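coords please:
(2 chains)
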Amino acid sequence: MHEMAVTQSIVDAVCERLDGARVRVLALEIGTLSGVVPDAVRFCFDLAAEGTPLAGARLEIAEPPGLARCRVCEAEFRLDDLIALCPCGSADVGIISGRELRIRSMEVL
Amino acid sequence: MCATCGCSDPAGTRITQVTADTAAAPHLHDHGHGNGHGAGQAGTADEDTGETRTVLLEQQVLARNDRLAGANREWLGTRGVLAVNLMSSPGSGKTTLLERTIRELAGRPPVSVVEGDQESLIDAQRVRGTGCAAVQINTGAGCHLDAGMLGSALRELDPPPRSVVLIENVGNLVCPALFDLGEAHRVVIMSVTEGADKPLKYPHMFAAADLVLLNKVDLLPHLDFDPGFFESSVRRANPRAEVLRVSATGGEGIGIWCEWLRDRVTAGPGERGPARRDSGAADGVAR
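Modelled structure (predicted):
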């Protein structure tokens, strides 16, 4: 399960930015096409945060949906998985949203 | 516990240079995956006031891995070393394919190998049997290689200029797809004893591939595997990936695969940039 490694990366990155403060809320962005399952991150977070200034922090996870643009007809359409097929029939498609895996902000005390 | 490297996990990551006479006892190295994390800087500030403030961070979750991957890419680039990340499920024949590839290339160009497995030196010893240099990374509880592990392995391996480093990732079709190692190319290996619909079931892995090797094609007459359907499934997950049919035991396609490698050493470092997931505005499926 790579979510444990991902969650550990989040905790490590946030700890590097703390200056003695404690984190109350941590805002993340995990796109629906990112390959990371938000519920699994929530599950791992308490374990990863234990003993750090993030212990007990609340996670707020935004989940931007997948959006793609067809390189043939240039239409933009919603994408629920990585099997991208434009309604025009083309598979030559670029993903423009949904792969986000980002730490947005934190509320510190 | 750190699941990236298993720090504080007794079965954590180990990197072992496998020599011709490596005994069972592994040679342990710290691979430099910051041991200080999670040390817990105790919060003191502002606690008496109870006021909170919002701090914008706006950074990639895997920024650290991506930084290390960038450093690996630069290290490899300055030496003219081509690194290829081989990924597959367990049992697809990666190690047999490596042995065959090394013999077929016959030192033109020189090859060295980084082996990734949760446990054991078995694969590195098999590769070492071909006469090429090999370093084994044991990830312990970890399910994938990351850029920090590869960096340590590369320093241990010290590949010669204008050579190829083949990286056999941990057998897993899910997690390795997410971690940039600093490789020039990603190759996914599938065997005909697996389901032809795997690219549709594991699209992240296939979407990240530059080349897909369909291995064990010598077994096709005995199996109900439709290679045409497989190839169309790969294209649905990744219209730009090349698919090559090979047999590591029978030799079919191995010459073309070796040429693919030779062409890319000659051409110099690949164009693969850092992290494909960047910003979500990344050029997703179609690498």
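
Who are the packing partners of the longest helix along chain B?
Residue-count comparison of every helix in chain B, with assignments taken from DSSP state H, identifies helix B:63-79 as the longest. With contacts defined as 3 or more Cβ pairs under 8 Å, 6 or more residues apart in numbering or on different chains; DSSP states H and E, the secondary structure elements packing on helix B:63-79 are helix A:2-17, strand B:82-88, helix B:147-157. Using the backbone N, CA and C atoms, a C-beta is placed for each residue, glycine as well.

Hey, what's the angle from that helix to helix A:2-17? Just curious.
Computed with axes from the mean of the first three to the mean of the last three Cα atoms, to 10 degrees, the direction of helix B:63-79 lies at 90 degrees from that of helix A:2-17.

Flag every buried residue along helix B:63-79.
Under the neighbour-count criterion of 16 or more other Cβ atoms under 10 Å in any protein chain shown, helix B:63-79 has B:63-66, B:68-70, B:72-73, B:75-77, B:79 buried.

ok, now stretch B:102-115?
Counting neighbours by 16+ other Cβ under 10 Å, the buried set in stretch B:102-115 is B:102, B:105, B:109-115.

Run the chain-centre distance for it.
In terms of Cα atoms, centre = their mean, to the nearest Å, the centre of stretch B:102-115 is set 16 Å apart from its chain centre.

now the strands: where do they sit in the stretch 1-150 of chain B?
Taking DSSP state E, counting those that start in this stretch as the test, the strands found in the stretch 1-150 of chain B are B:14-18, B:53-60, B:82-88, B:111-117, B:134-138.

and those, which one is worst for confidence?
The stretch with the lowest mean pLDDT among the strands of the stretch 1-150 of chain B is strand B:14-18, at a mean of 85.

From the contact counts, what lies against that strand?
helix B:122-128, strand B:134-138, helix B:147-157.

got JSON lines for these, with distance to chain A too?
Putting these into JSON lines (distance: least, Cβ to the nearest Cβ, whole Å) gives the following:
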{"stretch": "helix B:122-128", "distance to chain A": "21"}
{"stretch": "strand B:134-138", "distance to chain A": "15"}
{"stretch": "helix B:147-157", "distance to chain A": "11"}
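
what's the nearest residue to B:Ala71 if we skip its chain neighbours?
Distances taken as Cβ to Cβ, 6 or more residues apart in numbering or on different chains place B:Gly151 nearest to B:Ala71, at 6.6 Å, with adjacent residues excluded.

wait, isn't that neighbour in contact with B:Arg67?
No. Using Cβ atoms under 8 Å as the test, B:Gly151 is too far from B:Arg67 to be in contact (10.6 Å).

May I see the buried residues of helix B:63-79 organised as CSV, with pLDDT added?
Formatted as CSV, the buried residues of helix B:63-79 follow (pLDDT from 0 to 100):
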residue, pLDDT
B:Ala63, 91
B:Arg64, 90
B:Asn65, 93
B:Asp66, 94
B:Leu68, 96
B:Ala69, 97
B:Gly70, 97
B:Asn72, 98
B:Arg73, 97
B:Trp75, 96
B:Leu76, 97
B:Gly77, 95
B:Arg79, 94
